[in-house]
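Q: Dropping a prediction and its sequence here:
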Amino acid sequence: MKIDLNNIQQLSPGEFWGFLIFPAALTLIFLWAFIRYLRFTRLIEDTPTSKIRSAAQGFTELEGRAVLVANSILASPLSGKACIWYRYKVERKIDNGKSTTWRTIQSGSSAHPIRLDDTTGHCLLSQKGASIHTHLKKSWYGMSANPSLKSVERSDSFLQYGNYRYTEELITENTPLYALGHFKTVRSSDNFQQKKAVASIISDWKADYQQLLAKFDRNNDGTLDEKEWKLVRLAAKLEADDLSKELLNQPEIHTMEKPVKGLPYLISTGEQDSFANKFKWYSRLAFIAFVLASYCSVWLLQARLN
């Protein structure tokens, strides 16, 4: 049915609100997207880039290169390409005769953290809660749920066909990497508790009670009196102190994770400026869509009231 001023005025209240709710909902969605992408742009541009060695604890921006974690290189499950991180999706075409849609039947990503190195150190980037963006993204088509070698080989060709669509995103070694999130330095000594360490040491010594007696039974009566137990506790405390000093000399582990209080957690390949420009364009497109959806909603209301 063609919608003009006359038939809009003739619609029942239920029909009219049915027409209005769609552009009104789009108006709110595009407004939310505009604010979100603009906020991301501002945070990327305004947050100073830190070096890992001197970065403050908390919301921090880092730039460096992607490197292997524990010298373990991965292979993408779809194309078999070497990488240090992957995300993939397999979709099947659903054709009901009237329309065609794609339904996801497989998806996944590598599980371990992504390691970012700069000139001063390295930081392990947790994937949990991260919005990960990479320029190495490819989609191609095939005839089965598992892509054949032939389909992978022709993934760069325009001559592609099939009822299955494969999408793959990769981060490869030495790719420029950007991260914005909650930076935290973990030290081995941070979780060290003196009293628990002393109790654990004494418990271990008690497991070989004869050796404990040989070491601390000064009067050779076959038991440990109160004074001798004080010596045991003092010796255990000295050993716990040595352990604490040893842990202080262990290297620090720098990590990044999703911040609290609604701040974003972003990981991207490429330089900071190009990443900020990407969100800047997203915000502009969302604003244009917001204006168009708003105009449509206002036009419907005016047509109804006139």
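A: Looks like it arrived, so ask away. Residues are numbered from 1 along each chain as shown.
Q: Quick one: low-confidence residue ranges for the stretch 51-200 of the chain.
A: 70-72, 153-159, 187-193 (pLDDT under 70).
Q: try it again with 50
A: 189 (pLDDT under 50).
Q: Enumerate every residue touching the residue sitting nearest the centre point of the chain.
A: In the chain, the C-alpha nearest the mean C-alpha coordinate belongs to Ala130, at 2.2 Å (Cα atoms, centre = their mean). Applying Cβ atoms under 8 Å, 6 or more residues apart in numbering to Ala130 gives the contacts Gly181, Lys258, Tyr265, Leu266, Ile267. C-beta here means a position set from N, CA and C on the backbone, and glycine is covered the same way.
Q: Next up, the contacts around the second one.
A: Applying Cβ under 8 Å, 6+ apart, we find Lys258 in contact with Ser126, Lys128, Gly129, Ala130, Gly181, His182, Tyr265.
Q: if you set the cut-off to 10 Å instead, what comes out?
A: Ser126, Gln127, Lys128, Gly129, Ala130, Ser131, Gly181, His182, Pro264, Tyr265 (Cβ atoms under 10 Å, 6 or more residues apart in numbering).
Q: From those, which land in strands?
A: The strands, defined by DSSP state E, take in Ser131, Gly181, His182 from these.
Q: now the end-to-end length of stretch 66-85.
A: In stretch 66-85, first residue to last residue: 9 Å (Cα to Cα, to the nearest Å).
Q: What are the buried residues along it?
A: Using 16 or more other Cβ atoms under 10 Å as the test for burial, stretch 66-85 gives Ala66, Val67, Val69, Leu74, Ser76, Pro77, Leu78, Ser79, Cys83, Ile84, Trp85.
Q: follow-up on the earlier one: which among the contacts of Lys258 end up buried?
A: Using 16+ other Cβ under 10 Å as the burial test, the contacts of Lys258 include Ser126, Gln127, Ala130, Gly181, His182, Pro264, Tyr265 as buried.
Q: would TSV of those with distance to Ser148 be doable?
A: Shown next, in TSV, are these (distance: Cβ to Cβ, whole Å):
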residue	distance to Ser148
Ser126	34
Gln127	29
Ala130	32
Gly181	38
His182	42
Pro264	39
Tyr265	36
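Q: Not counting residues beside it along the chain, what's closest to Phe40?
A: Nearest non-adjacent residue to Phe40, counting by Cβ to Cβ, 6 or more residues apart in numbering: Phe279, 4.5 Å away.
Q: so where's the stretch 201-306 of the chain uncertain?
A: 247.
Q: now the helices: where do they sit in it?
A: Applying DSSP state H, counting those that start in this stretch to the stretch 201-306 of the chain gives helices spanning 209-216, 226-248, 272-305.
Q: from the buried residues of stretch 66-85, which is closest to Glu226?
A: Among the buried residues of stretch 66-85, Val69 lies closest to Glu226 (Cβ to Cβ), at 52.2 Å.
Q: hang on, the closest one packs against Arg115?
A: Yes - counting by Cβ atoms under 10 Å, Arg115 is a contact partner of Val69 at 4.8 Å.
Q: Report the set of residues contacting both of these two.
A: With Cβ under 10 Å, 6+ apart as the test, Val69 and Arg115 both reach Ile84, Trp85, His122, Leu124, Leu125.
Q: Enumerate every residue touching Lys51.
A: Neighbouring residues of Lys51 by Cβ under 10 Å, 6+ apart: Leu62, Glu63, Gly64, Asp118, Thr119, Thr120, Gly121.
Q: Let's see that with 7 Å instead.
A: Residues near Lys51 by Cβ atoms under 7 Å, 6 or more residues apart in numbering: Asp118, Thr120.
Q: Got the phi and psi for it?
A: Dihedral angles of Lys51 (phi, psi; degrees, to the nearest 10) stand at phi -90, psi 140.
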